[in-house]
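Novice: Model the structure of this input:
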Amino acid sequence: MTIIDVHAHIYPEKIAERAVDAVGEFYLVDMYGKGTAAHLLESQKRAPISRFVVHSVATSAHAVTAINDFIAAQCREHAEFIGFMAMHQDFPDPEAEIERAVGLGLAGMKLHPDTQKVDMDDPRLMRIYEMIEGRLPLIVHTGDYRTDFSHPRRLKRILRAFPNLVVDAAHFGGWSIPEIGYDVLHEENVFIDVSSSMMCLGQRRTRELVRMWGADRVMFGSDFPMWDPAHEFDTFTSLGFTDDELEKMLGKNAERFVGAS
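Specialist: Numbering: from 1, shown residues only. From the prediction side, this is the model:
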């Protein structure tokens, strides 16, 4: 069985320490990983994870092309990686960069409205969703009790406007607000991943939410370097799911998600 971690961040070695520190400060957590590709791949020694969907977030428009070049290069170097492109709401020619990223072999797009300080349904991003609808899947950070940028209701508006947009509403559709995420999004055509969730929800509530969402659209993810992929895998697979459920959530759903365009 192919096991895919659908949510992992990597950074160039020269900036990885600063990037990891910044994420830790934003979320007020002690980060697990070094943020490098090498450290991510070390988790394969302790868990049977076959592949990782890797990405990074552009917190400024001028960072977009460099991030996409880096992710594409890492994917060429490591067959285990499936690369998703970065984009920023102020990038001057998103259509051209999407074309370039596709040419580089990148398979999707990652956005993080909270760190990019933009409403998920901002008109600048709505234009970008229109460009990738039916072509590239999107992983989008969803839900933060401290801001309104990524509130699930904004994603609902996006999904209604672009019914053929394939989306992973990361972190159970509502990081830190998973109940709201479920209430707002469970009737929508959307995937969710479990990254950065289990440590707060606990085993019982994680299991309940997975069953509420349904195993056909839940995907395993670690949110490396915030957490250890091997530990997250061990935790997730110990929750009492059936073999059929695990086969879907550990790989089959991610394969459908990545290949949906």
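
Novice: any idea how far Pro229 is from the residue lying closest to Phe172 once chain neighbours are set aside?
Specialist: Nearest residue to Phe172, sequence neighbours excluded (CB to CB, 6 or more residues apart in numbering): Pro178, at 4.2 Å. C-beta coordinates here come from the backbone N, C-alpha and C atoms, glycine included. Between Pro178 and Pro229 the distance, using CB to CB, to the nearest Å, works out to 21 Å.

Novice: okay but Ile67 is in contact with Ser60, surely?
Specialist: No - counting by CB atoms under 8 Å, Ile67 sits too far from Ser60 to count as a contact (10.2 Å).

Novice: ok, these two, which is more surrounded?
Specialist: Between Ile67 and Ser60, counting by other CB atoms under 10 Å, Ile67 is the more crowded of the two (22 against 10).

Novice: who does the strand or helix carrying the more buried one touch, helix- and strand-wise?
Specialist: Element membership of Ile67 [criterion: DSSP states H and E] is helix 64-77. Counting contacts by 3 or more CB pairs under 8 Å, 6 or more residues apart in numbering; DSSP states H and E, helix 64-77 is packed against strand 51-55, strand 81-86, helix 94-103.

Novice: Which residues does stretch 55-66 contact?
Specialist: 8-11, 19, 67, 70-71, 83-92, 97, 100, 108, 110-112, 115-116, 139 (CB atoms under 8 Å, 6 or more residues apart in numbering).

Novice: The same query, at a cut-off of 6 Å, please.
Specialist: 9, 67, 84, 86, 88, 90-91, 110, 112, 115 (CB atoms under 6 Å, 6 or more residues apart in numbering).

Novice: how much space between Gly35 and Phe233?
Specialist: 19 Å.

Novice: So which of the two has more stuff around it?
Specialist: More crowded of Gly35 and Phe233, by other CB under 10 Å: Gly35, with 26 against 20.

Novice: For that one, give me phi and psi.
Specialist: phi 80, psi 0 (degrees, to the nearest 10).

Novice: That one and Tyr11 touch, don't they?
Specialist: Yes - using CB atoms under 6 Å, Gly35 is in contact with Tyr11, at 4.6 Å.

Novice: any common contacting residues for these two?
Specialist: Ala19.
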